[in-house]
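Chemist: generate coordinates for the sequence data below:
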Amino acid sequence: MDKHYGNLQKIRDGKRTYAITPHIVGGFITPETLEKIAKVTKKYKGVIKLTSGQRILITNLKEEDIPQIWKELDMVPAVKSPYSVKNVEICPAGFCKRSKYNTIPIGVKLSKKYHGAEMPNRTKIAVAGCRNACGSAYGKDVAVIADKTGFIVAVGGSAGFHPRLPDIIAKDISEEETLKLVDKVFDYYRENAEFGEKLGLFIDRIGIEEFKKGVLS
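Modeler: Numbering: from 1, shown residues only. Below you'll find the predicted structure:
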């Protein structure tokens, strides 16, 4: 991450352009904030990109403008360190006919607690209100998925450089049990993984049974 929380995006004819990504909880944004983002982006001749992580990236910016842009947006960066929880993706369960449980409050709780929290490597969480698992929940490091009979917790998923299907470590558990299990997963990961080791690779190294022993006991 470059200074001022801007990422170098492109070098063309010796000119560097940067991008910033404001933090938006679960992809839910007020019309007023959306209007402010549009106004600031237009002022600094930026380009808006809707990302797969339920966020808005503003690119094509000049490095010297970035501090003032953050000031005018009055928002915090989505990512301050690559070794952290980058985002918590939340499906629109409370507004969806398919949802088995309104998981939006759970996602907000997890976002407030873990967004930006230090981890051995970049980490993503997804929360979904049914087994359709919108937001590619099974491709995230930690997934919380609602079903008719309770919650499913899956760990180690990845759709990135090392694609990996997740391991389901719990089914049919309560919301309270789910939140406690997520805490145990992150505590165990931080205490035992090597620096730079993704959660899925950590599980592969020690074995899923050893991992479950560490978080389910």
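Chemist: so the most centrally placed residue in the chain versus Leu179, what's the distance?
Modeler: Compute the mean C-alpha point of the chain, and by C-alpha atoms, centre = their mean the closest residue is Asn87, 1.9 Å away. Asn87 sits 18 Å away from Leu179, going by C-beta to C-beta, to the nearest Å. C-betas here are computed from N, CA, C, even on glycine.
Chemist: quick one on the thing from earlier: ok so the residue nearest to the centre of the chain is a strand residue?
Modeler: Yes: assessed by DSSP: H, G, I helix; E, B strand; the rest coil, Asn87 belongs to a strand.
Chemist: assess the claim that it and Ala78 are in contact.
Modeler: Yes: contact criterion C-beta atoms under 8 Å: Asn87 and Ala78 qualify, at 6.4 Å.
Chemist: sorry, back to before: next, the contact list for the residue nearest to the centre of the chain, please.
Modeler: By C-beta atoms under 8 Å, 6 or more residues apart in numbering, the residues touching Asn87 are Gly53, Gln54, Arg55, Ala78, Val79, His115, Lys124, Ile125.
Chemist: bridged to it, which residues?
Modeler: Beta bridges link Asn87 to Lys124, judged by DSSP bridges.
Chemist: how about the helices of this protein, start to end?
Modeler: Under the criterion DSSP state H, helices of the chain are mapped to 31-43, 66-73, 104-114, 175-192, 199-206, 208-216.
Chemist: rebuild the ones you listed as TSV, extending it with mean neighbour count.
Modeler: Below are the helices of the chain laid out as TSV (neighbours: other C-beta atoms under 10 Å):
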stretch	mean neighbour count
helix 31-43	14
helix 66-73	16
helix 104-114	18
helix 175-192	17
helix 199-206	19
helix 208-216	15
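Chemist: which helices and strands does the lowest-mean-pLDDT helix or strand in the chain pack with?
Modeler: Of all the helices and strands that make up the chain, strand 7-12 has the lowest average by mean pLDDT, DSSP states H and E, namely a mean of 82. Helices and strands touching strand 7-12, by 3 or more C-beta pairs under 8 Å, 6 or more residues apart in numbering; DSSP states H and E, are strand 15-20.
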